[in-house]
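S.K.: Here is my input, please return the structure:
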Amino acid sequence: EEMMECVRSGMAEKFGALKREMDFQASIRTSMADLIDRYACNDQSLNVTTPVNTDHWMSIDGEYRQVDVMLDRNYAKIHVVKNFISEDECGAIKHQVGHRLYAGPDQTVKLGSLAV
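M.R.: Numbering: from 1, shown residues only. Just a heads-up that it's a prediction; the model follows:
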């Protein structure tokens, strides 16, 4: 019984420390994301459109689409698929969320971090 209590208290302490570390790291990521977003949006000359790689993917209809790889890391991937949606589909999205759209530094239309 004494041994179990000792293990329990030691584990609780370790889990508490891990939780505090994870919360700290999450708060840093959140604050950095906000700073980077403001930096990118305020610097109109910042080049945010140069891909690190370009690839081609085949869609379910058998057509190849160009894919610009902007970021490809284990924890974050950003791929821009050319001609992902039609002009009509794009218009429908803009119609639905138009009051929340804004122009990004690269002149794409953005909804939060979603480029349209």
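S.K.: By residue count, what's the longest strand in this protein?
M.R.: Longest strand in the chain by number of residues (criterion: DSSP state E): strand 64-72.
S.K.: now the helix or strand just after it: mean pLDDT?
M.R.: Where DSSP states H and E defines the elements, the next helix or strand beyond strand 64-72 is strand 77-81. The pLDDT scores in strand 77-81 average 85.
S.K.: how big is the angle separating strand 77-81 from strand 64-72?
M.R.: Put simply, strand 77-81 runs at 150 degrees to strand 64-72, going by axes from the mean of the first three to the mean of the last three Cα atoms, to 10 degrees.
S.K.: Put the alpha carbons of strand 77-81 into PDB.
M.R.: The C-alpha trace of strand 77-81 is given here as PDB (Å, rounded to 0.1, in the frame of the first residue of the first chain):
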ATOM      1  CA  LYS A  77       2.400  20.900 -44.300                       C
ATOM      2  CA  ILE A  78       1.100  23.600 -46.600                       C
ATOM      3  CA  HIS A  79       0.400  22.500 -50.200                       C
ATOM      4  CA  VAL A  80      -1.300  24.800 -52.700                       C
ATOM      5  CA  VAL A  81      -3.300  22.800 -55.300                       C
END
